[in-house]
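A.B. asks: Need coordinates for the following:
(chains A and B)
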Amino acid sequence: MTDSLRKAGMSQTTLPELFPGGATFDAHTAADGLVEMHVDRSGLIGVLKTLRDHPDLACDLLLDICGVDHPEREQRFEVVYHVASLDKGHRFRIKVPISEDEPSVPTAYGIWRAADWFEREAWDMMGIRFDGHPNLRRILTHEAFQGHPLRKDYDPAQRWILTEDETMVPDWVTETIEDEDHFETQILNLGPSHPATHGTLRIVVRLDGEVITKAETEIGYLHRCFEKMSETHGWNEVIPYADRLNYCSAMNNGVGYALGVERMLGIEAPPRAQMVRLILCEFSRLMDHAVCLGANLVDLGALTNFWYFFQPREEIYSLLEACAGGRLTVSYARIGGLVHDVPDDFEERVRQLLRTIPKFIDDVDRLVTKNRIFRDRTEGVGVMSAADAVAWGWTGPCLRASGVGFDLRKEQPYMGYDEFDFDVPIATSGDCYARYLVRLEEMRQSLRIIEQAVGRLAAGPVITDNHHVALPPKSKVYSEMEALIWHFKLIYEGIKVPSGAMYTATEGSNGELGFYIIADGSGHPYRIKVRPPCFAIFQAYPHMLEGHLVSDAIAILGSLNIIAGELDR
Amino acid sequence: MRQPDGSSAVLTTRIATMLAWARKNSLWPLPFGTACCAIEFMSTVSSHYDLARFGAEVVRFSPRQSDMMIVAGTITDKMAPVVKRVYDQMAEPKYVISMGACACTGGFYRAYHVVQGVDEFIPVDVYVPGCPPTPEALIEGVLKLQELIQRGETQYDRLSSKGRHVTDNST
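C.D. replies: This next block holds a predicted model:
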């Protein structure tokens, strides 16, 4: 990642001049290239507003808000904001220290709408209040939950049992609307056990006849405590958990996390490992889009495409199984490379897939793209303008369908994406149809990348020879004393990541997948905050529904591709 | 029973055996899919693995139309009342397959928001291990359930022989 300050055409001394007086802060470029600022609670809103509104800063995208707990510090908590400018390409991290006695900061909801759920999450997980937030209630845990689980003094296994009568019912459900024109008003609950909600999302809508007039969503039904679990496991042991974030494209998460830790360690995976990662990540992206489109079309009544897409998926699964041993949640990445090399016929199999997959994409294309019924169901449905999409914190295919060509593979190339020739498809109408078109084209672009990558697959090792990070080969462990010692130390002590914090983002299948990793020099992460693309996307969903029919709600939901593992973590 | 040559034949069996035979070959799954396992469940019912070959392809999302609940995925404390309620809504006889490590034991999520096995609150007939189990493993789970049904050894048989219902909270 290039230096954000330099990118913004600013220096460390000129930067504070941009901000209104009164705010005490220092700004510097952090190790991960972001501009880091420490701001007082009182000056926070002024600084955030300037970040958004100043033409030289133009930080229009709020990426993430999270809390960090440092029980040993006088100011126990730290609220961390990550913001980015799509236009300028620079990124800022704002840290606000707050005390345990008064753990509150003013809400940023008025500046970026994306703050809505991120602030609720920080409240739920860390117990940080956001003064002025319109709906600051728990989001991931349930109603009977007590305490804030990501605080360091919370026991990871302490559960609270929810009974059925305590489940969430929005306040407005009981409101009566006394209006003769709206006598048909009724409340409808969708999910969480509903096929179109993929089993884990819950939506409560108020209907006026058939039209949705108000909607609210409830999530957290798959909150599996990823962030707490990662604090109790070793650095490499987090990879299986990370793979289960977006389980439709597991490889992308594991690699994203591994890249983050590798940056903190200052190492790089060998070229062969990078290339295999890239090929499998692109296959995973393709599969993810195939599930999304297949499921979306099933929800709209077009079952055939689901079968068409599941056939190539099976073939890609077979390839992943041959490489990693697992089909779905592969756990193939390791910090410093891959767990082991690919099979001998890897290239041949990839080329075979490159020959067969386009047929399935073309079949669906011919069957659906010009289909009258499909177009009637999706065109003009769930329209999201570019400005709104950015304000909600959207990234990935959904943002690109609204006309913003933001793709981290181009913006901040990692794993050598800049050496590949591929296009970032963009649609402008921002509706369900546009999201379908973008995903379909991205599948073809992924194949294009793989085609180039498979020719560049160099021979060599697939994991770093740095034995602070990777185990020495077993043959050496049995024959050489030094290798045995390294093996012993690594097994007993784990990888030791130097103290510090870095935010590393990769282009996941749904958008920017960020890992904000904090290390304290021990054998396990101090704190990991995932910036899940789905989370930002789904918070806009209830607002998109108003004025639509229930059947449109299903079409919109399918087009957003909400994966609960990533949404709830 | 009319034979091809026009003559008649008689088949003797016990009513319970015949019912079990009918039930085991027409299991209608209710996929309670929440996570990764649900994706593998989709693979299982898709064309490649084709669960239809084992008489269990009529996937129904309505609990009132299905008799085999497949809990596929992690169940959290927030979701638990929903699972219980959907299970209670199924008509008897009903069976439960717990698919994957999370549904069986909580898996590697020994955490503050995850149920440590769905048998905390519903009776489970077959546990399918794996994270997630392969489609082959799930199919084997279905076959195992068929065996249990034929032998009359499911949780439903066990409890109804004691005059209790599987939905009884005292289980």
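A.B. asks: Might you report the residue contacts of A:Lys214?
C.D. replies: By CB atoms under 8 Å, 6 or more residues apart in numbering or on different chains, the contact list for A:Lys214 reads A:172, A:205-206, A:546. Just so you know, the C-beta spots here come from the backbone N, C-alpha and C atoms, and that holds for glycine as well.
A.B. asks: number of nearby residues for the residue nearest to A:Arg113 when sequence neighbours are not counted?
C.D. replies: Closest residue in space to A:Arg113, ignoring its immediate chain neighbours: A:Ala391 at 4.8 Å, by CB to CB, 6 or more residues apart in numbering or on different chains. Per other CB atoms under 10 Å in any protein chain shown, the neighbour tally for A:Ala391 reads 19.
A.B. asks: ok, now A:Asp465?
C.D. replies: Look at A:Asp465: counted by other CB under 10 Å, it has 12 neighbours.
A.B. asks: what about it, which SS state?
C.D. replies: Per DSSP: H, G, I helix; E, B strand; the rest coil, the local secondary structure of A:Asp465 is coil.
A.B. asks: need the residues of the stretch 451-569 of chain A near chain B, please.
C.D. replies: A:564-565 (CB under 8 Å from any CB of the partner chain).
A.B. asks: Quick check: the residue of the stretch 451-569 of chain A nearest chain B.
C.D. replies: Across the stretch 451-569 of chain A, no residue is closer to chain B than A:Gly565, which sits at 5.6 Å (CB to the nearest CB).
A.B. asks: which stretches of the chain have low pLDDT?
C.D. replies: I went with chain A, as the question did not name one. Low-confidence segments of chain A (pLDDT under 70): A:1-18, A:20-26, A:165-168, A:175-184, A:199.
A.B. asks: ah, no, chain B please
C.D. replies: When residues are selected by pLDDT under 70, those of chain B lie in B:1, B:164-171.
A.B. asks: how about the residues of it that lie near chain A?
C.D. replies: Applying CB under 8 Å from any CB, we find that chain B lies next to chain A at B:31-36, B:38-40, B:42-43, B:46-48, B:61, B:73-74, B:76-86, B:102, B:108-114, B:131-132, B:134.
A.B. asks: which among those residues end up buried?
C.D. replies: Buried by 16 or more other CB atoms under 10 Å in any protein chain shown: B:31-36, B:38-40, B:42-43, B:46, B:48, B:61, B:73-74, B:76-84, B:86, B:102, B:108-109, B:111-114, B:131-132, B:134, out of those.
A.B. asks: Could you pick out which of the residues you listed are located in strands?
C.D. replies: B:31-33 (DSSP state E).
A.B. asks: Please name the residues that touch the residue nearest to B:Glu40 when sequence neighbours are not counted.
C.D. replies: Among residues not flanking B:Glu40 along the chain, B:Pro132 sits closest, at 4.4 Å (CB to CB, 6+ apart). By CB under 8 Å, 6+ apart, the contact set of B:Pro132 is A:328-329, B:36-37, B:39-40, B:72, B:99-100.
A.B. asks: same check, this time on A:Ala434
C.D. replies: Here A:Ala434 is in contact with A:401-402, A:427-428 (criterion: CB under 8 Å, 6+ apart).
A.B. asks: cool, and A:Val350?
C.D. replies: By CB under 8 Å, 6+ apart, the contact set of A:Val350 is A:279, A:319, A:450, A:454.
A.B. asks: swap in A:Arg349?
C.D. replies: A:319, A:322, A:343.
A.B. asks: Looks like the last one contacts A:Glu321 (just checking).
C.D. replies: Just to be clear, that refers to A:Pro343. No. Assessed by CB atoms under 8 Å, A:Pro343 is found out of contact with A:Glu321, at 10.1 Å.
A.B. asks: so how far is A:Ala242 from the closest residue to A:Pro195 other than its chain neighbours?
C.D. replies: Counting by CB to CB, 6+ apart, the nearest residue to A:Pro195 once its immediate chain neighbours are dropped is B:Phe61, at 4.6 Å. From B:Phe61 across to A:Ala242, the span is 30 Å (CB to CB, to the nearest Å).
A.B. asks: What of A:His543?
C.D. replies: For A:His543, the distance to A:Ala242 - CB to CB - is 30 Å.
A.B. asks: Neighbour-wise, which one of the contacts of A:Val350 leads?
C.D. replies: In terms of neighbour count, A:Ile279 stands highest of the contacts of A:Val350 at 27 neighbours, by other CB under 10 Å.
A.B. asks: which residues sit in contact with that residue?
C.D. replies: Neighbour list for A:Ile279: A:350, A:450, A:453-454, A:457 [criterion: CB under 8 Å, 6+ apart].
A.B. asks: In the stretch 201-350 of chain A, what residue spans correspond to strands?
C.D. replies: For the stretch 201-350 of chain A, the strands defined by DSSP state E, counting those that start in this stretch cover A:202-208, A:211-218, A:333-334, A:337-338.
A.B. asks: tell me the most buried of those strands?
C.D. replies: strand A:333-334 (a mean of 28; mean count of other CB atoms under 10 Å in any protein chain shown).
A.B. asks: mind listing what it pairs with, with the direction of each?
C.D. replies: In the sheet, strand A:333-334 lines up against strand A:337-338 (antiparallel) (DSSP bridges).
A.B. asks: re the thing from before, what's the farthest-apart pair in the contacts of A:Ile279?
C.D. replies: Greatest spatial distance in those: A:Ile450 and A:Leu457, 10.6 Å, computed using CB to CB.
A.B. asks: longest helix of the chain?
C.D. replies: All of this refers to chain A. Ordering each helix of chain A by length in residues (DSSP state H) puts helix A:271-299 first.
A.B. asks: Wait, chain B was what I had in mind.
C.D. replies: Longest helix in chain B, counting by DSSP H: helix B:135-151.
A.B. asks: any idea how far it is from the chain center?
C.D. replies: 9 Å (CA atoms, centre = their mean, to the nearest Å).
A.B. asks: ok, and what's touching the strand or helix carrying the residue of the stretch 451-569 of chain A closest to chain B?
C.D. replies: Taking DSSP states H and E as the definition, A:Gly565 sits inside helix A:564-568. Applying CB under 8 Å, 6+ apart, the contact partners of helix A:564-568 are A:140, A:198-201, A:219-224, A:244-247, A:253, A:508, A:510, A:513, A:530, A:532-535, A:538, B:34-36.
A.B. asks: So which residues of chain B form helices?
C.D. replies: In chain B, the segments counted as helices under DSSP H are B:15-24, B:36-45, B:80-89, B:100-105, B:135-151, B:155-160.
A.B. asks: Return the residues in contact with the residue in the stretch 301-450 of chain A positioned nearest to chain B.
C.D. replies: Closest to chain B within the stretch 301-450 of chain A is A:Phe310: 4.1 Å, counting by CB to the nearest CB. Counting by CB under 8 Å, 6+ apart, A:Phe310 touches A:290, A:294, B:42-43, B:46-48.
A.B. asks: go on, B:Gln89?
C.D. replies: B:63-64.
A.B. asks: what separates it from A:Pro461, distance-wise?
C.D. replies: From B:Gln89 across to A:Pro461, the span is 56 Å (CB to CB).
A.B. asks: now do A:Gly511
C.D. replies: A:Gly511 is 32 Å from A:Pro461, by CB to CB.
A.B. asks: who's more crowded, these two?
C.D. replies: More crowded of A:Gly511 and A:Pro461, by other CB under 10 Å: A:Gly511, with 27 against 16.
A.B. asks: what's near enough to touch the more buried one?
C.D. replies: Counting by CB under 8 Å, 6+ apart, A:Gly511 makes contact with A:394-399, A:533-534, A:536-537.
A.B. asks: which one of the residues you listed has the most neighbours?
C.D. replies: A:Pro397 leads the contacts of A:Gly511 on contacts (other CB under 10 Å) with 35 neighbours.
A.B. asks: host element of that residue?
C.D. replies: Per DSSP H and E, A:Pro397 falls inside helix A:396-401.
A.B. asks: Just after that helix, pick out the following helix or strand.
C.D. replies: In N-to-C order, the element after helix A:396-401 by DSSP H and E is helix A:408-411.
A.B. asks: Quick check: what element follows that next one along the chain?
C.D. replies: Sequence-wise, the next helix or strand downstream of helix A:408-411 (DSSP H and E) is helix A:432-455.
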